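> my questions concern the predicted model and sequence given below.
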Amino acid sequence: FSREDFTYDHDSDAYTCPGGKLLQNNRRSFTKPRSGVTKDDTRIYRASKSDCDACPLKPSCCPKEPARKIPRSIHEGARDMARDIAKTEAYATSRRQRKKVEMLFAHLKRILKLGRLRLRGPCGARDEFLLAATAQNLRKLAKICAPQPPVPAT
């Protein structure tokens, strides 16, 4: 089984395996509270060995280990939220709009050679960028307003 086959419950801070058993970060309470975070900023969720021994799915889940372990980054909650946002229609619309703007910046950088500004200071940079954007808009306007060449008759 892959990690996606296990469901994470945010409220109980535990994974549930396909067999219905819990994988927890801490199975016992310590006298000195521990965060459960490893040096590489992950938390290890473990199943009970007795649960895994009695499970019929063990050969396909963890054949070489006594119990299943799942590492989870401490930043995974933010990643889950970003994945959920990426599935919305508003995100798709925003992505299309960002793509248009990014294409204009790429054009400025590659075609109009604006990869590095030549004028110094914020005022010089603003002036140079405004000139480049004006040139870009004039090119667009010329394409829109230019008369179409006549189509030769056959």
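Ah, there it is. Residues are numbered from 1 along each chain as shown.
> strands of this structure, start to end?
Using DSSP state E, the strands of the chain run over residues 7-9, 14-16, 22-24, 42-47, 69-73.
> any chance of those in TSV, plus distance to Lys87 and mean pLDDT?
In short, each C-beta sits where N, CA and C put it, glycine included. Below are the strands of the chain laid out as TSV (distance: least, Cβ to Cβ, whole Å; pLDDT from 0 to 100):
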stretch	distance to Lys87	mean pLDDT
strand 7-9	17	88
strand 14-16	22	90
strand 22-24	26	87
strand 42-47	25	90
strand 69-73	20	91
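> nearest to Asp127, of these?
Taking Cβ to Cβ, strand 69-73 is the member of the strands of the chain nearest to Asp127, at 45.2 Å.
> in the closest one, which residues are buried?
Ile70, Arg72 (16 or more other Cβ atoms under 10 Å).
> who does that strand pair up with?
strand 42-47 (antiparallel) (DSSP bridges).
> can I get the strands of the chain in JSON lines including distance to Leu114?
Compiled in JSON lines, these are given as follows (distance: least, Cβ to Cβ, whole Å):
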{"stretch": "strand 7-9", "distance to Leu114": "46"}
{"stretch": "strand 14-16", "distance to Leu114": "50"}
{"stretch": "strand 22-24", "distance to Leu114": "53"}
{"stretch": "strand 42-47", "distance to Leu114": "42"}
{"stretch": "strand 69-73", "distance to Leu114": "38"}
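> nearest to Ser60, out of these?
Nearest to Ser60 among these is strand 42-47 (14.1 Å), distances taken as Cβ to Cβ.
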